[in-house]
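A.B. asks: Using only what follows, build the 3D model:
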Amino acid sequence: MADVDRGVEVGAGGAPPAAKLTLLTLTAMVVGSMVGAGVFSLPRRFAQETGVAGALIAWAVAGVGMLMLAFVFQTLAVRRPDLDAGVYAYAKAGFGEYLGFFSAFGYWASACVGNVTYWVLIMSTVGAIAPALGDGDTALAIVLSSVGLWGFFLLIRRGVKEAAAINRIVTVAKLVPILVFIVLTLFYFDASVFADNFGGADYAGSLFNQVRGTMLATVFVFLGVEGASVYSRHAKRREDVGRATVLGFLSVFAIFASVTIVSYGILPMSEIAELRQPSMAGVLEAAVGTWGKVFVSVGLIISVLGAYLAWTLMAAEVLFVAAKDKDMPRFLGRSSGDDVPAPALLLTTSLSQVVLVVTAFSDDAFNFALDLTSALSLIPFLLAAGFAVKIALRPRAEGTVGVSTRRELVVAAVATLYTAFLLFAAGLKFVLVSFILYAPATFLFVKARREQNRRLFSPGEAVLCAVSVAGAAVGVTALALGWIEL
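C.D. replies: The predicted structure is shown next:
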């Protein structure tokens, strides 16, 4: 975010007006949200699952699926201009308050867990020269990460305008090392190594399983495609929300796919699969020497800190708007004179702190946090895509602007099927762990209802609550008995 200026009007109740963002700023928010820790981990994540053929298919599937989701957010921004906060608002309008609440919580929790991956990767990067930090999951690494968490809390607490200016500068700075990586690896590209990696390795399994194994990684790197819609209330022009979404997606898709594919021309996939994270650093080191590893590592730290800033802002925004709509407790709807949702920001940082401590008990802290982030985001995405299908089928529904087309219906249907496939690809483990987070969150929903002296649950909502609690119980039992492991 940048180019932020204040309106001259004062909102209801004397609230400060929302900061207004340009198309360039919204696009930078989308790019800044997506280009973070994930891209620097792509070579190893893909090499652990698939060869070149599977990677090409995976990126084709992910590219089409996520482009359809980008088009969905573009369409919804235009067809339902009355809805703010994107993912959460669409789920509520389409499927009711309780599923809207789950969408808001799931998206928020996904952002919080994703923020943890950033600190784990930073500490793992520095751990290459400071062994006490290990792979980002040692006691010292957790302490230093915690200092970083709360340091950023204080920075953002000073005001959205100041944080936005930093985000835009970092968005530009972090793209440089990634683009340099692509150019250099193309220069040192070995066609024979690439050919040997084409079909995959014995451990990779069938082509379908290879592609399936990469899906959560692609979801993680594309999280943030909805960034402009989350900040729709800040946009100067409503149509800029959709444009920024598509422009940002196409830009980063080209970067992500390139980083993955060119790496197969530098090292055998079995060696890439064993690289320390960030694996981009190891690939470039193999190509140009030690300075390449240092160059990528510095770029990673800049990139990750920028993405962390953007995601923290978006996560707090979702809680804030949900509270304003009376779907979260009132205290989360308070903001400071600098347009900062301070209580929501505090809760966001607190959950990240809890998850950071939990990673100490995981065998692979980075991959666990990455996959959980992706799994938590799938329900909000599925509900948003489903809402787009409903709008396409009911063009004259209340609040809808314009006329639906066959293209709109096809796009929404493909996005829905793609997101449902991702849930299948996530596997039972992460679905159950997601339930463990979702079920207790219902207490926030109950508190909000009690503040309004409303009935706690409708019959349908009671069924959904029972399903979430049962899923959480199975998840806890599975963890306790060792059926699944963190």
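A.B. asks: So residue 123 sits against residue 131, correct?
C.D. replies: No: between residue 123 and residue 131 there is no contact, the gap being 11.5 Å when judged by Cβ atoms under 8 Å. Any C-beta I mention is one placed from the backbone N, CA and C, and that applies to glycine too.
A.B. asks: more neighbours, these two?
C.D. replies: residue 123 (26 against 8; other Cβ atoms under 10 Å).
A.B. asks: which residues sit in contact with the more buried one?
C.D. replies: Listed by Cβ atoms under 8 Å, 6 or more residues apart in numbering, the contact partners of residue 123 are 133, 134, 135, 136, 137, 138, 141, 144, 145.
A.B. asks: so how far is the helix or strand where it lies from its chain's centroid?
C.D. replies: For residue 123, the host element (DSSP states H and E) is helix 97-126. Distance of helix 97-126 from the chain centroid (Cα atoms, centre = their mean, to the nearest Å) equals 7 Å.
A.B. asks: just to revisit the earlier point, and the contacts of residue 123, which of them are in helices?
C.D. replies: Of these, the ones assigned to helices by DSSP state H are 141, 144, 145.
A.B. asks: The second one touches residue 134, doesn't it?
C.D. replies: Which is residue 144. No: if you go by Cβ under 8 Å, residue 144 and residue 134 don't touch, sitting 11.7 Å apart.
A.B. asks: Those two: which is more packed in?
C.D. replies: residue 144 (19 against 15).
A.B. asks: confidence score at the more buried one?
C.D. replies: pLDDT recorded at residue 144 is 90.
A.B. asks: How about it, nearest residue that isn't a chain neighbour?
C.D. replies: residue 123 (6.5 Å; Cβ to Cβ, 6 or more residues apart in numbering).
A.B. asks: mind checking how far the one you found is from residue 129?
C.D. replies: 12 Å (Cβ to Cβ, to the nearest Å).
A.B. asks: follow-up on the earlier one: what is the most widely separated pair among the contacts of residue 123?
C.D. replies: By the measure Cβ to Cβ, 135 and 144 form the most distant pair in these, at 13.7 Å.
A.B. asks: Nearest to residue 82 among the contacts of residue 123?
C.D. replies: residue 145 (39.7 Å).
A.B. asks: secondary structure class for residue 83?
C.D. replies: Following DSSP: H, G, I helix; E, B strand; the rest coil, we place residue 83 in the coil state.
A.B. asks: roughly how far apart are it and residue 103?
C.D. replies: 12 Å.
A.B. asks: Find residues that contact each of these two.
C.D. replies: Joint contacts of residue 83 and residue 103 (Cβ under 8 Å, 6+ apart) are residue 90.
A.B. asks: Which one's more surrounded, these two?
C.D. replies: Taking other Cβ under 10 Å, residue 83 and residue 103 do not tie; residue 103 has more neighbours (31 against 22).
A.B. asks: what's near enough to touch the residue lying closest to that one once chain neighbours are set aside?
C.D. replies: Nearest residue to residue 103 in three dimensions, chain neighbours excluded: residue 91, at 3.4 Å (Cβ to Cβ, 6+ apart). Each residue near residue 91 by Cβ under 8 Å, 6+ apart is listed here: 99, 100, 102, 103, 104, 380, 383, 384, 387.
A.B. asks: would you list those in JSON lines and tack on distance to residue 112 and pLDDT?
C.D. replies: Formatted as JSON lines, the contacts of residue 91 follow (distance: Cβ to Cβ, whole Å; pLDDT from 0 to 100):
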{"residue": "99", "distance to residue 112": "20", "pLDDT": "86"}
{"residue": "100", "distance to residue 112": "19", "pLDDT": "84"}
{"residue": "102", "distance to residue 112": "15", "pLDDT": "85"}
{"residue": "103", "distance to residue 112": "15", "pLDDT": "85"}
{"residue": "104", "distance to residue 112": "13", "pLDDT": "82"}
{"residue": "380", "distance to residue 112": "14", "pLDDT": "85"}
{"residue": "383", "distance to residue 112": "19", "pLDDT": "89"}
{"residue": "384", "distance to residue 112": "19", "pLDDT": "87"}
{"residue": "387", "distance to residue 112": "24", "pLDDT": "89"}
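A.B. asks: Can I have the buried ones of these as a ChimeraX selection?
C.D. replies: To isolate the buried ones among the contacts of residue 91 in ChimeraX, judged by 16 or more other Cβ atoms under 10 Å, type:
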select :99,100,102,103,104,380,383,384,387
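A.B. asks: and residue 210, how many residues sit next to it?
C.D. replies: The tally of other residues near residue 210 (other Cβ under 10 Å) stands at 22.
A.B. asks: Am I right that it sits in a strand?
C.D. replies: No: checked against three-state DSSP, residue 210 lies outside a strand; its state is helix.
A.B. asks: Wait, it touches residue 48, no?
C.D. replies: No: applying Cβ under 8 Å, one finds residue 210 not in contact with residue 48, separated by 10.1 Å.
A.B. asks: Identify the contacts common to residue 123 and residue 131.
C.D. replies: In contact with both residue 123 and residue 131: no residue, using Cβ under 8 Å, 6+ apart.
A.B. asks: Find the residue ranges of the stretch 1-150 of the chain scoring beneath the pLDDT cut-off.
C.D. replies: For the stretch 1-150 of the chain, the stretches with pLDDT under 70 are 1-21, 29, 32-33, 36-37, 84-86.
A.B. asks: Only the buried residues of stretch 364-379, if you could.
C.D. replies: In stretch 364-379, counting by 16+ other Cβ under 10 Å, buried: 365-379.
A.B. asks: Using CSV, write out every CA atom in it.
C.D. replies: Extracted C-alpha coordinates of stretch 364-379, given in CSV (Å, rounded to 0.1, in the frame of the first residue of the first chain):
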residue,chain,number,x,y,z
ASP,A,364,9.3,-29.8,9.7
ALA,A,365,8.2,-26.4,11.0
PHE,A,366,8.2,-24.6,7.7
ASN,A,367,6.3,-27.2,5.6
PHE,A,368,3.8,-27.8,8.4
ALA,A,369,3.0,-24.1,8.7
LEU,A,370,2.9,-23.7,4.9
ASP,A,371,0.5,-26.6,4.4
LEU,A,372,-1.8,-25.5,7.3
THR,A,373,-1.9,-22.0,5.9
SER,A,374,-3.1,-23.3,2.5
ALA,A,375,-5.7,-25.7,4.1
LEU,A,376,-7.2,-23.0,6.2
SER,A,377,-7.7,-20.7,3.2
LEU,A,378,-9.6,-23.3,1.1
ILE,A,379,-13.0,-23.0,2.9
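A.B. asks: what's in contact with it?
C.D. replies: 37-38, 41, 45, 102-103, 106-107, 109-111, 113-114, 116-117, 120-121, 124, 135-137, 216-217, 219-220, 223, 277, 355, 359, 362, 419, 422-423, 426, 430-431, 433-434, 437, 486.
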